[in-house]
Structure formats: structure tokens, C-alpha cells
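Peer 1: here you go, sequence then predicted model.
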Amino acid sequence: MLGRDRIQYKTPDQVRLMRRAGVVVADALAAVRTELREGVTTKELDAVAEDVIRSAGAIPSFIGVGDPPYPATLCVSVNDEVVHGIPGSKVLRAGDVVSVDCGAILGGWHGDAAFTAVLPGPDGGLDEADLALARVTEEALWRGVAAAASGATGGRLNAIGIAVEDHVAGRYGLVEDYGGHGIGTEMHQDPQILNYRTRDRGPRLRPGMCLAIEPMLTAGEPHVHTRADHWTVATDDGSHAAHVEHSIAVLEGGLWVLTAHDGGVEALGALGVPVTPLAD
Ligand code: MG
Ligand code: MG
């Protein structure tokens, strides 16, 4: 069942504070993006993100989570890794598909976001199949985000999963073992957000809900397993995977994408969805 009993509805002032945390995450991911290249280690990328977060007076939120305690600022998941790849001595190679997930806490409020990038191959070109996988995952994310805008008109949470599933439309494996979540004074809050349709339509989308939406797609089957490090989630069939995430706030009359520098204006504008950032 979708958790709906302990949803934390934020006031506009609290959403403004979450936006600050979201921008720190956006800044950290932007810095990582500029360092993404063949030859860099995932641990070096982790240090870039940690520096941005701590320089902003924020705290990396993934460190210490779970059991065994997660040891890093980022999750960097490469090729057949879907999520929760632990940064280390792994060296990125030409043609790798790299998913980077980052969380930060600022003033007690959390932000959480992820992107997937494809590195140029040995010949300098980009693999078409990997690019399409990353592109469709990002499109699915934005469709899910756009569906949350129906909160202004009384939509239900599962509208997000329906939008994600309908966009993927069987073209890719849609990972069902992991999904999105409410976010606020903790990284993971109610409600759980599934990336597919269910009979339970879920709680009503209402202003003040802050949600992390994060579809995960594979180029093959959707089945995944956790590796011996107790964290890294990889595809059973070895197919490549992509993971894209934003933290959003449902507001009166629209949405605000807290972890996008532009608040979601460009991507949501293309889908005809109003972005309603709160003035400082
Ligand atoms: Mg995340
Ligand atoms: Mg998340």
C-alpha cells in the first residue's frame, strides 16, 4: 500500500527553505557534470560534490544512511548499475553510462536529485542506444513531474506512476523494486511513489506536498539485484540502466522543481505545465 498517513505538508516558507537545499544539490550535480570524463574515478566525482555541498554550509545526506552505513556523498552507478553505486577507485571509461545521485541537507531540509549521462565512446561518438535510454528516462521523469501538477485540481498520487509507465510504453525495462518518495525534514518520507500504475490511486495531490520523483529504466529486463557490497543495485541481465530524479513542491496553481536551477520552467513549459516559484 502507498503510505499516506504521515505526509508532511510544507508551508510556503518551508518550501522556500527546501528550495535552498535543492539549489545546493543542483549546484553539486552541475559541478560533477563538468568533471565527468574518461579517466576520472568515481571517488574524485564524490569529492567534487562533497566540496560544493560543504562550501554551501550544507551536509551530504547519504553518508551514514542504512545498514551498512552508506559511505559517500554521491551514488555513482555505471552501465548495468541502476542505483546506489558506491564511489571508489573505479575509473570511468569511454562510452560509459553514468548515473549520479546526490542529496544534501541545508538548515534541516533535504534535496535529492540525479541525472544520467553518456560518455563519448572510443571513437568520440555517442552510442545511440544509450543516449535514447537516458533521454527516455529523463522524459519519463518530466512526464511524472507534470502529472503531479494535477495536484492543483485534485489529482491522485498514482497519476505520476501512470505518466511514467505510459511514456515508457514497454520500450524499456521499468524497474519496480525502487521508486520515489516524499521529502522534507527527512530524505525519505511518505508517500512512497511508484513508477507504474496501481489499483490504489494513492493520496490526493495537495499543495505543500514535496516529492522526489525518480524513474529507473533498463535497456533489457527490469529485474535487478543487490551486489555483495550491500548497496549497488545492478540489472540481472547486464543491460544498461538510467536513473533521473528531481525533488518538487506541489503548490497552489502549479509546481516548483526545487532541484532544477530554472525551477523546471523549460521542461515543464514544453509540456504546458505552469511553474509557480515562490518569491523570496
Ligand atoms: Mg536520489
Ligand atoms: Mg530519492
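Peer 2: Right, received. Where do you want to start? Numbers count the residues shown, from 1 in each chain. Ligands and ions are numbered 1, 2, ... in the order given.
Peer 1: got the contact list for the spatially most central residue of the chain?
Peer 2: The residue lying closest to the centre of the chain (CA atoms, centre = their mean) is residue 245, at 1.7 Å. Residue 245 is in contact with 101, 112-114, 141, 180, 212-214, 259, counting by CB atoms under 8 Å, 6 or more residues apart in numbering. In short, each C-beta sits where N, CA and C put it, glycine included.
Peer 1: output the below-cut-off pLDDT ranges for the chain.
Peer 2: The chain contains residues with pLDDT under 70 at 1-5, 150-154.
Peer 1: and it, which residues reach ligand 1?
Peer 2: 101, 112, 114, 245 (CB under 5 Å from the ion).
Peer 1: could you dump those to JSON lines with distance to residue 51 and secondary structure?
Peer 2: JSON lines is the format used below for the residues of the chain next to ligand 1 (distance: CB to CB, whole Å; DSSP: H, G, I helix; E, B strand; the rest coil):
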{"residue": "101", "distance to residue 51": "17", "secondary structure": "strand"}
{"residue": "112", "distance to residue 51": "19", "secondary structure": "strand"}
{"residue": "114", "distance to residue 51": "19", "secondary structure": "strand"}
{"residue": "245", "distance to residue 51": "21", "secondary structure": "strand"}
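Peer 1: tell me the one of those residues nearest ligand 2?
Peer 2: Comparing these against ligand 2 with CB to the ion places residue 112 closest, at 4.2 Å.
Peer 1: which residues does that closest one form a beta bridge with?
Peer 2: Beta bridges link residue 112 to residue 103, judged by DSSP bridges.
Peer 1: isn't it up against residue 103?
Peer 2: Yes. Counting by CB atoms under 8 Å, residue 112 does reach residue 103; the two are 4.5 Å apart.
Peer 1: shared neighbours of the two, which are they?
Peer 2: Joint contacts of residue 112 and residue 103 (CB under 8 Å, 6+ apart) are 25, 61, 187.
Peer 1: looking at neighbours, which among those is most surrounded?
Peer 2: residue 25 (33 neighbours; other CB atoms under 10 Å).
Peer 1: surely that residue forms part of a helix?
Peer 2: Yes. Under the criterion used here (DSSP: H, G, I helix; E, B strand; the rest coil), residue 25 sits inside a helix.
Peer 1: so what's it closest to, chain neighbours aside?
Peer 2: Distance criterion CB to CB, 6 or more residues apart in numbering; nearest residue to residue 25, sequence neighbours excluded, is residue 111 at 3.9 Å.
Peer 1: that neighbour: how many residues sit nearby?
Peer 2: 30.
Peer 1: now the phi/psi pair for residue 18, please.
Peer 2: phi -70, psi -30 (degrees, to the nearest 10).
Peer 1: for residue 112, see how far away it is.
Peer 2: According to CB to CB, to the nearest Å, residue 18 and residue 112 sit 10 Å apart.
Peer 1: which neighbours do the two share?
Peer 2: Joint contacts of residue 18 and residue 112 (CB under 8 Å, 6+ apart) are 183, 247.
Peer 1: which members of the contacts of residue 245 additionally contact ligand 2?
Peer 2: Restricting the contacts of residue 245 to those near ligand 2 - CB under 5 Å from the ion - leaves 112, 212.
Peer 1: any chance of the contacts of residue 245 in CSV, plus neighbour count?
Peer 2: Formatted as CSV, these follow (neighbours: other CB atoms under 10 Å):
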residue, neighbour count
101, 23
112, 26
113, 26
114, 26
141, 30
180, 28
212, 25
213, 30
214, 26
259, 30
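Peer 1: nearest to residue 166 among the contacts of residue 245?
Peer 2: Distances from the contacts of residue 245 to residue 166 were compared by CB to CB; the smallest belongs to residue 141, at 13.4 Å.
Peer 1: isn't the closest one right up against residue 214?
Peer 2: Yes. Counting by CB under 8 Å, residue 214 is a contact partner of residue 141 at 7.1 Å.
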